[in-house]
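**Student:** How does the following fold in three dimensions:
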Amino acid sequence: MPNTIHIDVVSAEASIYSGEAEFVVLPGEAGELGIYPRHTPLITRIKPGSVRIKPAGGGEEELVFVAGGILEVQPGVITVLADTAIRGRDLDEAKALEALKAAEEARSRAKDKQEVATVEAELATLAAQIAAIRKLRQRR
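**Tutor:** Predicted structure coming up:
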């Protein structure tokens, strides 16, 4: 299929998604990136957020939450090497909200700059995860 691009989303634990897509949208370091077949080669870091995949041949858009990582784009292949990746259908809002509350409490107890920075990064990741969950819920 000439108007598709292969995408692999992998984490350290597992291959999360592999297949042909019409386009992919994800949170790049400098902003949201839209990638279509025959895209210019690119390597960049990605921020926590949603990878949205429009499968080839139609069908419902796939959503994968990533907690950051690296994106490599070649004209026929997209590779997302995620720190953590969770399929949209596997996201749990209650757990994410509980973790957010715990991280906010940890931020209030943080004593030095490094500890604060670590907790702030965790809070940003959790906020992105909750936003992804809510976006997925709106589509249903």
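
**Student:** give me phi/psi at the residue of the chain most remote from its centre?
**Tutor:** Going by CA atoms, centre = their mean, the residue of the chain most distant from its centre is Lys111, 30.2 Å out. Torsion angles at Lys111 (phi, psi; degrees, to the nearest 10) stand at phi -110, psi -30.

**Student:** And the average pLDDT for the longest helix seen in the chain is what?
**Tutor:** Across the chain, the longest stretch assigned as helix under DSSP state H is helix 113-139. Taken as a whole, helix 113-139 has a mean pLDDT of 80.

**Student:** ok, and for it, which residues are buried?
**Tutor:** The neighbour-count criterion (16 or more other CB atoms under 10 Å) identifies Val119, Glu122, Leu123, Ala124, Thr125, Leu126, Ala128, Gln129, Ile130, Ala132, Ile133, Leu136 as the buried residues of helix 113-139. Glycine gets a C-beta too; all of them are placed from N, C-alpha and C.

**Student:** Does that helix pack against any helices or strands, and if so which?
**Tutor:** For helix 113-139, the packing partners by 3 or more CB pairs under 8 Å, 6 or more residues apart in numbering; DSSP states H and E come out as strand 42-55, strand 62-74, helix 93-109.

**Student:** Can you give the distance of the shortest one from its chain's centre?
**Tutor:** Put simply, strand 62-74 sits 5 Å off its chain's centre (CA atoms, centre = their mean, to the nearest Å).

**Student:** from here on, count from 727
**Tutor:** Shifting the count to begin at 727 puts that one at strand 788-800.

**Student:** In terms of secondary structure, what does the helix or strand following that strand contact?
**Tutor:** With elements assigned by DSSP states H and E, the helix or strand that comes after strand 788-800 is strand 803-808. The contact analysis (3+ CB pairs under 8 Å, 6+ apart) places strand 803-808 against strand 731-736, strand 741-754, strand 768-781, strand 788-800.
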